[in-house]
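Novice: this one's sequence-less:
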């Protein structure tokens, strides 16, 4: 891979996640303060991410893999997305905002797979070449948060300026849309081939659930996304109510932590193994919400910061480890299907359930027009994460061989392996 291509792919990743981080982190605050929505409506807005994740495989499987080059579809989706984000900034109430952002997320979520596809097709050794490029995406998310706080769009008091986050993201989306047409050619890989709905959704990997260990992991993955939805939808409004200054850039410390722990994953993987890694990730979710429950902007400010920094452990130890576990279990034949299947389950089904639950709980513990009983609110997802962790530890068995699982026949054992 030449330096020019590496630079283009890095810029693509930076813009891809700059766009998402530029408006999604402060979405809950914008809706509650500017559009005067309820918690249920905030939850509904966050579910657009899940709906987009569910629809994304169809766009990739039916269009990108069969008819058009990935970089061209990426360009078109981001140009349309830029127009939709700008349109969303003009909404004056939730009823006009929601359908626009729903269509936007249906178009945006497939681009997460497209940028990976464009990147991988240019690489000879993805395991070595991809991480330095992908980390630019996390940096893009951090820069977006820093810019929002530097411009005081998330300031305490006064007229809210968070509507500008949609305009900023819209401009970046148009820039990436135009830039995408200069990316290396990535033609469809299945032109002329027939594709089933099961293949598109990754349902060929459903045979993995015949392995009892993976079934427990799969259920835990869906369940742990319920408390995850609380953070995505309501962390920023919570920090605002607690009086934290520069909330958006402060929250980006979680992405800094994510980068650091990503580098350390191989070290921990060898020493802890799959079961302990996944359990530590779930424990981190429970702990961070307890810290949020008892933290404040005064003497217990450190609790809020530590809870944010724990994001690296929460995400890397559970989700990244889970992706590695899935990849090793699936084997060569079902790698892509398996990753699509677990993504559909977590960011699709799990986050969808979590967002709907979170909105109702936040509304239930609203104490005034501008305040909530956050201690109780955060202790609920902390309890959910703790219960999931305990059940996972009780029932998950870290097997070293597929042959020990009688649920799989000999042919299936040849198709799948468990190296971890």
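Specialist: Perfect, I can see it now. On a predicted model such as this, the values are computed, not experimentally measured, just so you know.

Novice: list the contacts of residue 29.
Specialist: Shown here is residue 29, whose contacts under the criterion C-beta atoms under 8 Å, 6 or more residues apart in numbering are 154, 160, 162, 236-237, 240, 247. (Glycine included, C-beta is placed from N, CA and C.)

Novice: which parts of the particular helix or strand that has it in it are buried?
Specialist: Counting by DSSP states H and E, the element that carries residue 29 is helix 27-33. Buried residues in helix 27-33, counting neighbours by 16 or more other C-beta atoms under 10 Å, are found at 27-32.

Novice: can you give me the pLDDT of the closest residue to residue 166 other than its chain neighbours?
Specialist: Ranked by C-beta to C-beta, 6 or more residues apart in numbering and with sequence neighbours excluded, the top spatial neighbour of residue 166 is residue 89, at 3.9 Å. Residue 89 carries a pLDDT value of 94.

Novice: spit out the contact partners of residue 89.
Specialist: Residue 89 neighbours (C-beta under 8 Å, 6+ apart): 163-164, 166-167, 170.

Novice: which residues in the stretch 1-150 of the chain form strands?
Specialist: With DSSP state E, counting those that start in this stretch as the definition, the stretch 1-150 of the chain shows no strands.

Novice: any stretches of it with poor pLDDT?
Specialist: Where the stretch 1-150 of the chain drops to pLDDT under 70, the residues are 59-67, 126-127.

Novice: could I get the full set of helices for it?
Specialist: 3-23, 27-33, 39-59, 70-88, 94-120, 126-150 (DSSP state H, counting those that start in this stretch).

Novice: could you do the stretch 151-300 of the chain as well?
Specialist: According to DSSP H, counting those that start in this stretch, the helices that the stretch 151-300 of the chain contains are 163-180, 197-200, 212-241, 247-251, 253-294.

Novice: for residue 393, see how far away the residue nearest in space to the middle of the chain is.
Specialist: Of all residues in the chain, the one closest to the mean position by C-alpha atoms, centre = their mean is residue 347, 6.6 Å from it. Using C-beta to C-beta, to the nearest Å, residue 347 is found at 24 Å from residue 393.

Novice: what sits against residue 307?
Specialist: Counted by C-beta under 8 Å, 6+ apart, residue 307 has contacts 287-289, 291-292, 295.

Novice: adding neighbour count, distance to residue 58 and pLDDT, write the residues you listed out as TSV.
Specialist: What follows is the contacts of residue 307, written out as TSV (neighbours: other C-beta atoms under 10 Å; distance: C-beta to C-beta, whole Å; pLDDT from 0 to 100):
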residue	neighbour count	distance to residue 58	pLDDT
287	18	38	96
288	29	34	95
289	25	34	96
291	21	39	96
292	27	36	96
295	26	42	92
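
Novice: need the max-distance pair from these.
Specialist: Within those, 287 and 295 form the most distant pair, 11.9 Å apart (C-beta to C-beta).

Novice: residues contacting residue 144?
Specialist: 17-19, 21-22, 25, 168-169.

Novice: closest one to residue 93 out of these, please.
Specialist: Looking across those and measuring by C-beta to C-beta, the closest to residue 93 is residue 169, at 20.4 Å.

Novice: now that closest one. Nearest residue, chain neighbours left out?
Specialist: Leaving aside its sequence neighbours, residue 169 sits nearest to residue 22 (C-beta to C-beta, 6+ apart; 3.9 Å).

Novice: the one you found reaches residue 165, doesn't it?
Specialist: Yes - in this structure, residue 22 is within contact of residue 165 by C-beta atoms under 8 Å, at 5.6 Å.

Novice: need the residues touching each of those two.
Specialist: With C-beta under 8 Å, 6+ apart as the test, residue 22 and residue 165 both reach residue 148.

Novice: now residue 45: how far from residue 300?
Specialist: Distance, residue 45 to residue 300, using C-beta to C-beta: 30 Å.

Novice: coming back round to it: can you redo the helices of the stretch 1-150 of the chain as CSV with distance to residue 377?
Specialist: Below are those laid out as CSV (distance: least, C-beta to C-beta, whole Å):
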stretch, distance to residue 377
helix 3-23, 23
helix 27-33, 12
helix 39-59, 9
helix 70-88, 27
helix 94-120, 21
helix 126-150, 23
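
Novice: mind listing what residue 346 touches?
Specialist: Residue 346 is in contact with 221-222, 225, 319, counting by C-beta under 8 Å, 6+ apart.

Novice: closest one to residue 369 out of these, please.
Specialist: Once C-beta to C-beta is applied, the member of the contacts of residue 346 that ends up nearest residue 369 is residue 225, at 30.2 Å.

Novice: count of neighbours near the closest one?
Specialist: The number of residues packed near residue 225 is 26, by other C-beta atoms under 10 Å.

Novice: coming back round to it: ok, which pair from the contacts of residue 346 is furthest apart?
Specialist: Pairwise over these, using C-beta to C-beta, the maximum falls at 222 and 319, 12.4 Å.

Novice: mind giving me the domain ranges of the protein?
Specialist: Per the record, the chain has its domains at 1-184, 201-420, by automatic domain parsing.

Novice: re earlier: what's the most distant pair in the contacts of residue 144?
Specialist: Spanning the widest gap among those are 17 and 168, at 13.7 Å by C-beta to C-beta.

Novice: ok, back up a step: got TSV for the contacts of residue 89, with distance to residue 371 too?
Specialist: Converted to TSV, these look like this (distance: C-beta to C-beta, whole Å):
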residue	distance to residue 371
163	23
164	25
166	26
167	29
170	32
